[in-house]
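Undergrad: turn this into a model:
(one chain, ligands or ions: 1)
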Amino acid sequence: MSSSVLKKPVKLSCIQLASGADKAANLKHAASQVAKAAQAGSNIVVLPECFNSPYGCQYFPDYAETLLPSPPTREQSPSYHALSAMASENKIYLVGGSIPEFSPDTKKHYNTSLIFGPDGKLLGTHRKVHLFDIDIPGKITFKESEVLSPGNKVTLVDLPEYGTIAVAICYDVRFPELAMIAARKGAFALIYPGAFNLTTGALHWKLLAQGRAVDNQIYVAMCSPARDMSASYNAWGHSMIVDPMAKVLVEAEEKEAIIEAEIEGGAIAEARKNIPLNTQRRFDVYTDVSASGVKFEEPGL
Ligand SMILES: NC(=O)CCC(=O)C(=O)O
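TA: The predicted structure follows:
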């Protein structure tokens, strides 16, 4: 893998957004925070998982928007249009966190991220591939699959000025194969809008960000909602950007914040030169998960 995976340095920011039950207010607030990040010089801005709604199975159907046919009307998807405007008005690349989606084609709900370019055009979409179904007795039980259906592709998005990013959502970070495939296909950063909780956040959030970074010698950004102890689900917060040597470049606390870091291709090249994993793999001993059969297109979206 060459050093050219990131064509030039770029300022990346994660907005640890405080949002509540009022979708219109959430969209307006997101727009003001995105503008702030852009004014501070960020070229790639990331919003959290379910940034326009509370997070929880009971909320997904009520907040769901329809993205098809593409582009949707404003009535079908106010969030699509709000995100597109945030990107074009600020001339930034925007990883629009995620929103609950209802597909009229499949009649199913998804947890979906929309990625826009500086001209406001949709560049890519990611439907959460691994649904958050866990049961830790006495701590947390969550079953996204009661309401949501999984996406079925690896999402790589080309940002023409900079290179390729991979976008996945929250629980997806636990599955190293997705990250590995994205890195071997040339991504310079793995971007995860996510909303861990107080149990698994404390244990695994940072570990997973650093793990995906060190495995793949790549930048990782994890963008959480701000913690709201009056909500039914308490997000962990601690949005962070990690470098290709797994150093945490910047980390939020639990309250609303914008974190930013300048990232550059030299750090990827140096990590890969100093610890040359990419020439040391033993595909004669085990399989290269990125070599074949990877799905990049999701028909209908
Ligand atoms: N929203 C999510 O997918 C939460 C994932 C999570 O908390 C985890 O521990 O994994």
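
Undergrad: for K36, give me its contacts.
TA: When contacts are counted by Cβ atoms under 8 Å, 6 or more residues apart in numbering, K36 is found next to I258. All C-beta atoms are positioned from the backbone trio N, CA, C, and that covers glycine.

Undergrad: in which helix or strand would I find it?
TA: Under DSSP states H and E, the secondary-structure element containing K36 is helix 23-39.

Undergrad: repeat that for P118.
TA: Counting by DSSP H and E, no helix or strand carries P118.

Undergrad: does it touch S88 like I think?
TA: Yes: under the contact definition of Cβ atoms under 8 Å, P118 touches S88, with a separation of 6.7 Å.

Undergrad: neighbour count for these two, which is higher?
TA: Higher neighbour count among P118 and S88: P118, with 19 against 16, using other Cβ atoms under 10 Å.

Undergrad: which residues does that one contact?
TA: Contacts for P118 (Cβ under 8 Å, 6+ apart) come out as A87, S88, N90, K91, I92, Y93.

Undergrad: just L122 next, same as before
TA: S70, P71, Y80, S84, L114, I115, F116.

Undergrad: gap between it and P150?
TA: According to Cβ to Cβ, to the nearest Å, L122 and P150 sit 21 Å apart.

Undergrad: before we move on, what about G186?
TA: Relative to P150, and taking Cβ to Cβ, G186 is found at 25 Å.

Undergrad: what's the answer for K206, then?
TA: When Cβ to Cβ is the yardstick, K206 and P150 sit 26 Å from each other.

Undergrad: higher neighbour count, those two?
TA: Neighbour comparison, K206 and P150: the larger count goes to K206, with 19 against 15 (by other Cβ under 10 Å).

Undergrad: pretty sure the more buried one sits against A246.
TA: No: counting by Cβ under 8 Å, K206 stays clear of A246, with 9.9 Å between them.

Undergrad: around the ligand, which positions in this structure sit nearby?
TA: For the chain, the residues found near the ligand under the criterion Cβ under 6 Å from any ligand atom are E49, F132, C170, Y171, R174, G194, A195, F196, N197, T200, H204.

Undergrad: next, count neighbours for the first one.
TA: Right, the one you point to is E49. The tally of other residues near E49 (other Cβ under 10 Å) stands at 25.

Undergrad: same thing with the one 10 residues further on?
TA: The tally of other residues near Y59 (other Cβ under 10 Å) stands at 17.

Undergrad: so what's it up against?
TA: Remark: with contacts taken as Cβ under 8 Å, 6+ apart, Y59 is in contact with C50, S53, P100.
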